[in-house]
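Participant: give me the fold of what follows.
(2 chains)
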Amino acid sequence: AQKVTQAQTEISVVEKEDVTLDCVYETRDTTYYLFWYKQPPSGELVFLIRRNSFDEQNEISGRYSWNFQKSTSSFNFTITASQVVDSAVYFCALSPARGQNFVFGPGTRLSVLP
Amino acid sequence: EAQVTQNPRYLITVTGKKLTVTCSQNMNHEYMSWYRQDPGLGLRQIYYSMNVEVTDKGDVPEGYKVSRKEKRNFPLILESPSPNQTSLYFCASSLGTGYSNQPQHFGDGTRLSIL
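Facilitator: This is a model prediction of the structure:
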């Protein structure tokens, strides 16, 4: 069985603070993919990143960075120098590399205050 | 423009009255899926389809039906809706040729209220 846990239900930060969103997953598969999606207040779901379980290199994209640690089954997401436009619900998700289902975590609501 | 289109965007209906939410994608994607989003539960997969005439249950299929007669369309059918199906529904599609491991493109969502 697959499961994704995002223990932080809601986080509030002040603009320009750094913030890390936690994601812990469970799977019996040896190969799998992890994803992060953003859902801004307007409601659409925006794809942010996909990471293969064989690739444990951290990734940075502008103010966003992701820390994948297979040993702790975690795929954490950090926003550096947060901005008000980062306010959204963020979902972590998991898919087996050779499967057909897709599992989302419950999401973390991030509020960035001016 | 590449997109996933869901209709209707909003619907208020009554218990037991059959309804269909349509979903269409113009990206020639093979993989399509339906999710429901409820507070505190994230998105839960209802049904998915790997290709035409190939569908399978996700984590919460009870009370729903789907069909995939054409590659572009994947309607969600509630034969006898009940209040516990009040939710925000998303359709998604991806390139996944045989598997679900590609990024999914989502529709704008359909908010269903069943009284």
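Participant: partners of the lengthiest strand in chain B in the sheet?
Facilitator: Longest strand in chain B by number of residues (criterion: DSSP state E): strand B:42-51. Sheet pairing for strand B:42-51, assigned by DSSP bridges, gives strand B:31-38 (antiparallel), strand B:54-57 (antiparallel).
Participant: pick the most deeply packed of those strands.
Facilitator: Most buried of these, by mean neighbour count (mean count of other C-beta atoms under 10 Å in any protein chain shown): strand B:31-38, with a mean of 24. Placement of C-beta: from N, CA and C, glycine included.
Participant: how far does that one sit from the chain's center?
Facilitator: Remark: strand B:31-38 is offset 5 Å from the chain centroid, using C-alpha atoms, centre = their mean, to the nearest Å.
Participant: which other residues reach that strand?
Facilitator: A:100, A:102, A:104, B:23, B:25, B:43-50, B:58, B:60, B:64, B:66, B:68, B:74, B:76, B:85, B:87-96, B:99-100, B:102, B:104, B:109 (C-beta atoms under 8 Å, 6 or more residues apart in numbering or on different chains).
Participant: do the same with stretch A:44-57
Facilitator: Residues outside stretch A:44-57 that contact it (C-beta under 8 Å, 6+ apart): A:29-40, A:59, A:61, A:64, A:66, A:68-70, A:75, A:77, A:91, A:97, B:43, B:90, B:92, B:101-106, B:108-109.
Participant: 7 Å instead?
Facilitator: The contact list for stretch A:44-57 (C-beta atoms under 7 Å, 6 or more residues apart in numbering or on different chains) reads A:31-39, A:59, A:64, A:66, A:68, A:70, A:75, B:90, B:103, B:106, B:108.
Participant: and that stretch, which residues are buried?
Facilitator: Buried residues in stretch A:44-57, defined by neighbour count with 16 or more other C-beta atoms under 10 Å in any protein chain shown: A:45, A:47, A:48, A:49, A:51, A:53.
Participant: got it, and stretch A:12-19?
Facilitator: If you call a residue buried by 16+ other C-beta under 10 Å, then stretch A:12-19 has these buried ones: A:13, A:19.
Participant: then it to CSV, C-alphas only?
Facilitator: Extracted in CSV, the C-alpha atoms of stretch A:12-19 (Å, rounded to 0.1, in the frame of the first residue of the first chain):
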residue,chain,number,x,y,z
SER,A,12,2.0,30.8,8.4
VAL,A,13,5.2,32.8,7.8
VAL,A,14,6.0,36.4,7.2
GLU,A,15,7.2,37.5,3.8
LYS,A,16,10.9,36.9,3.1
GLU,A,17,11.1,34.1,5.6
ASP,A,18,12.2,30.6,4.5
VAL,A,19,9.8,27.8,4.9
